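J.: pasting the sequence and the predicted model now:
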Amino acid sequence: KKTKICCFSCGDAGMVTIKLNSRRAYAPGETLQLTGSQVVNSSSISLTVRVVIRQTIQLATTGTYEFKTYGSQRCEIVSKEVNPGSSIGLDDFQAVVPALPPSFFGARGSSTARREPLTFTYELSLQAKASSGHKVKVDMPILISALPPKQQAIQDAATSNNQVPIYAPFEIQSYAVTDDSPCNTVIMATGLEDGVGQIVDSATGAANIYEQEDAGSSSNSYMYQPQVVTFPSTYNTIEEAIAPVDVGNNEVDHATAYNALIENMKFNTDIRLVVDKWIKEYRTAAASLTSDEFAGVLKKVLFSLEQAAVARELASGMGDGVLTTEYIMKSIDACPYSKVELVRVMAPYVSDPGNKEIVLEQLYSFEREEVSKMFDL
């Protein structure tokens, strides 16, 4: 919760008090929870109250010198007028988070990079502006996630007395999951390829997110009409992931199923999606791939940048205890240009992490410390 008291110095005596109380993380399509937030207008002038989400973007370049530049853009969620001498509570504000890209602080695959070239984060802002142009506001850093949180996570946040002591938007990075480590606050669902979700227009529709006080020129303003993937409402209440449906592959032997995957890979551009669908159709075969077959699939992936994503799909479909460091060794032999990326995504699944040294020996010395931690997840 944040509170700010301001005395306008525009010739009209009076005081304005604003309080902002909110969760620190939201997904697009969720309703902002502003219970306890309010604006008290003790001045003699009318105020326009706005709830705004501000996106802050950092562009970093590295050469002989390092440079950082910042930009921002705002999306107004809702606004309302407050008369002189009155107050307004925000408990009933029907403000919906628009379709915004998730907060981004970096991604795997850049272990040798000194920093990410592009990162961005968000602030939730409650603003009260007078007709004279004077304004008082409260900003609160928030995370925008890709999936809505579980209902239990929301309840725990509401009843917790722990305060998140952050004030600058990028400081919230330390509270965010920035890799593919397990996260117990959202259900594990990746989207339409899993047979869930539906693409719909953003609830807020088209919006010009440029504001005059932001850096830039009005000629750069644009209309933002995104599409979002909506998931069933039960995703906010269930505590366990929904198991994929076995379509019945007992009548297909292992070799036939494996050959079907290799053939399908020849005629599709999205190999990860092909593998994902194959795992759901041939669960028994997927769970019992040999190390040679595992590496053989990766060798058929033409673009090295896609090999790690395909390896992650294959590893997630393996039976418990099947994947070992032998699989990693054969995979990096088949994909010599993606060694680090492959080890990162496969290491958390291996059943013999004690043998990680034979894998680490295949990497450069400066890569080993970070990669070694992946075997302990």
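T.: Now that the structure is in, tell me what you want to look at. Residues are numbered from 1 along each chain as shown.
J.: tell me where this structure has strands.
T.: In the chain, the segments counted as strands under DSSP state E are 2-7, 15-20, 25-26, 38-41, 47-62, 66-82, 87-89, 118-130, 135-144, 198-201, 207-208, 223-224, 227-230.
J.: show me how far the second one is from its chain's centre.
T.: Right, the one you point to is strand 15-20. Relative to its chain's centre, strand 15-20 lies at 32 Å (C-alpha atoms, centre = their mean, to the nearest Å).
J.: and the angle from it to strand 66-82?
T.: 110 degrees (axes from the mean of the first three to the mean of the last three C-alpha atoms, to 10 degrees).
J.: sorry, back to before: I'd like the strands of the chain as JSON lines, with distance to residue 156 appended.
T.: C-betas here are computed from N, CA, C, even on glycine. Shown next, in JSON lines, are the strands of the chain (distance: least, C-beta to C-beta, whole Å):
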{"stretch": "strand 2-7", "distance to residue 156": "21"}
{"stretch": "strand 15-20", "distance to residue 156": "21"}
{"stretch": "strand 25-26", "distance to residue 156": "12"}
{"stretch": "strand 38-41", "distance to residue 156": "25"}
{"stretch": "strand 47-62", "distance to residue 156": "24"}
{"stretch": "strand 66-82", "distance to residue 156": "25"}
{"stretch": "strand 87-89", "distance to residue 156": "25"}
{"stretch": "strand 118-130", "distance to residue 156": "20"}
{"stretch": "strand 135-144", "distance to residue 156": "16"}
{"stretch": "strand 198-201", "distance to residue 156": "29"}
{"stretch": "strand 207-208", "distance to residue 156": "32"}
{"stretch": "strand 223-224", "distance to residue 156": "33"}
{"stretch": "strand 227-230", "distance to residue 156": "24"}
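J.: out of those strands, which one sits most buried?
T.: Of all these, strand 25-26 carries the top mean neighbour count, a mean of 23, counting by mean count of other C-beta atoms under 10 Å.
J.: which strands border that strand, and is each parallel or antiparallel?
T.: Neighbouring strands of strand 25-26 in its sheet, by DSSP bridges, are strand 135-144 (parallel).
J.: quick one: mean pLDDT over the strand it pairs with.
T.: Strand 135-144 carries an average pLDDT of 86.
J.: next, the angle strand 118-130 makes with that strand.
T.: Using the same axes, to 10 degrees: strand 135-144 against strand 118-130 is 150 degrees.
J.: circling back: of all the strands of the chain, which lies closest to residue 312?
T.: For those, proximity to residue 312 was assessed by C-beta to C-beta; strand 227-230 is nearest, at 20.0 Å.
J.: looking at the strands of the chain, which has the lowest confidence?
T.: Among those, strand 223-224 scores lowest, with a mean of 48.
J.: distance-wise, check the residue nearest to residue 146 when sequence neighbours are not counted relative to residue 30.
T.: Leaving aside its sequence neighbours, residue 146 sits nearest to residue 102 (C-beta to C-beta, 6 or more residues apart in numbering; 4.7 Å). Applying C-beta to C-beta, to the nearest Å, the value for residue 102 to residue 30 is 13 Å.
J.: which of these two has more neighbours?
T.: Neighbours were counted for residue 102 and for residue 30 using other C-beta atoms under 10 Å; residue 30 has more, 18 against 14.
J.: and the closest residue to the more buried one other than its chain neighbours, how many neighbours?
T.: Distances taken as C-beta to C-beta, 6+ apart put residue 97 closest to residue 30, at 5.1 Å, once the chain neighbours are dropped. Using other C-beta under 10 Å, residue 97 is surrounded by 25 other residues.
J.: list the buried residues of stretch 316-334.
T.: Neighbour counts over stretch 316-334 (16 or more other C-beta atoms under 10 Å) mark 316-318, 322-332, 334 as buried.
J.: nothing else from me, thank you.
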